[in-house]
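# here's my sequence, what's the structure:
(2 chains)
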2 protein chains.
Amino acid sequence: MLMEETSEPHGQEQTKKSETVVHIGNDPVMQSAVDVLSTIGNTKKVIIRSKGNSIPNAVAVANIITEKMLKGNSKVEKITLDTDAAAGIGRMTSTIEIILIKC
Amino acid sequence: MLMEETSEPHGQEQTKKSETVVHIGNDPVMQSAVDVLSTIGNTKKVIIRSKGNSIPNAVAVANIITEKMLKGNSKVEKITLDTDAAAGIGRMTSTIEIILIKC
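Numbers count the residues shown, from 1 in each chain, chains lettered A, B, ... in the order given. All right, here's what the predicted structure looks like:
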């Protein structure tokens, strides 16, 4: 357990603790879905984060994974909505966090 | 109880069963939020539905209600993601359903 915690990171992701965060932006949905698929294959648990107008992309990716690519073998564990408030100004940006697990 | 079930609907919403569905489209976010606010005042429970590119609006409305207008008095009970597949063609539309309750 302790050995794993102190081992060197080999992948290209920063957070490597059996769960990995994937940020979804304006890339093509299928490309993001393949990214998430390859990540979930390694870590069993992926956190998909997205904000603002990219939120539908994150929802689409989650649906593609759970209903097409890994149908029956994966599910949405938890969904969290939040708001980022830019300092000073009154503008707010919505964020979404979808936790997918592979059964 | 039975009396209430058979009483005439007085509001302008179709589904009047102590929970009400509000569809969020491309209207200004604050206007939708006020709609939801007035609905949740009557029914204690509101289901916010949205699809495609309007999903960030639904998330923003949910955040405005729970973090500004009814801060401390309301919370997100459940969030469901789903996909609408248009018949025949391969095109899919993501949908979101956010259930808000007033404590």
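# per-residue confidence for A:Ile89?
Turning to A:Ile89, the model gives it a pLDDT of 65.
# sorry, slip of the keys, the one I care about is A:Lys102.
Turning to A:Lys102, the model gives it a pLDDT of 91.
# where's A:Tyr77, which helix or strand?
One correction, residue A:77 is Glu, not Tyr. strand A:74-85 (DSSP states H and E).
# by contact count, what packs against the helix or strand A:Val22 falls within?
Under the criterion DSSP H and E, the helix or strand holding A:Val22 is strand A:20-23. Packed against strand A:20-23, as judged by 3 or more C-beta pairs under 8 Å, 6 or more residues apart in numbering or on different chains; DSSP states H and E, are the following elements: helix A:29-43, strand A:45-51. C-betas here are computed from N, CA, C, even on glycine.
# give the buried residues for the longest one.
By neighbour count, and taking 16 or more other C-beta atoms under 10 Å in any protein chain shown as the criterion, the buried residues in helix A:29-43 are A:Val29, A:Ser32, A:Ala33, A:Asp35, A:Val36, A:Leu37, A:Thr39, A:Ile40, A:Thr43.
# residues touching that helix, excluding its own?
With contact meaning C-beta atoms under 8 Å, 6 or more residues apart in numbering or on different chains, helix A:29-43 is reached by A:11, A:13, A:18-20, A:22, A:24, A:46, A:48, A:57, A:60-61, A:64-65, A:69-70, A:74, A:100, A:102.
# mean confidence for it?
This predicted structure assigns helix A:29-43 an average pLDDT of 92.
# for the residue nearest in space to the middle of chain A, give me its contacts.
Central residue of chain A (C-alpha atoms, centre = their mean): A:Ile48, 1.6 Å from the mean position. For A:Ile48, the set of contacting residues under the criterion of C-beta under 8 Å, 6+ apart consists of A:Val21, A:Val22, A:Ile24, A:Val36, A:Ala58, A:Val61, A:Ala62, A:Ile96, A:Glu97, A:Ile98, A:Ile99, A:Leu100.
# show me what it is bridged to.
With DSSP bridges as the criterion, A:Ile48 is bridged to A:Val22, A:Ile98.
# near chain B, which residues of chain A are found?
Residues of chain A that fall close to chain B, judged by C-beta under 8 Å from any C-beta of the partner chain: A:52-53, A:55-56, A:59-60, A:62-64, A:67, A:76, A:79, A:81-83, A:92, A:94, A:96, A:98.
# where does the prediction get shaky in chain A?
A:1-18, A:87-90 (pLDDT under 70).
# related to what we said a few turns ago, of the contacts of helix A:29-43, buried ones?
The neighbour-count test (16+ other C-beta under 10 Å) marks A:20, A:22, A:24, A:46, A:48, A:57, A:60-61, A:64-65, A:70, A:74, A:100, A:102 as buried among the contacts of helix A:29-43.
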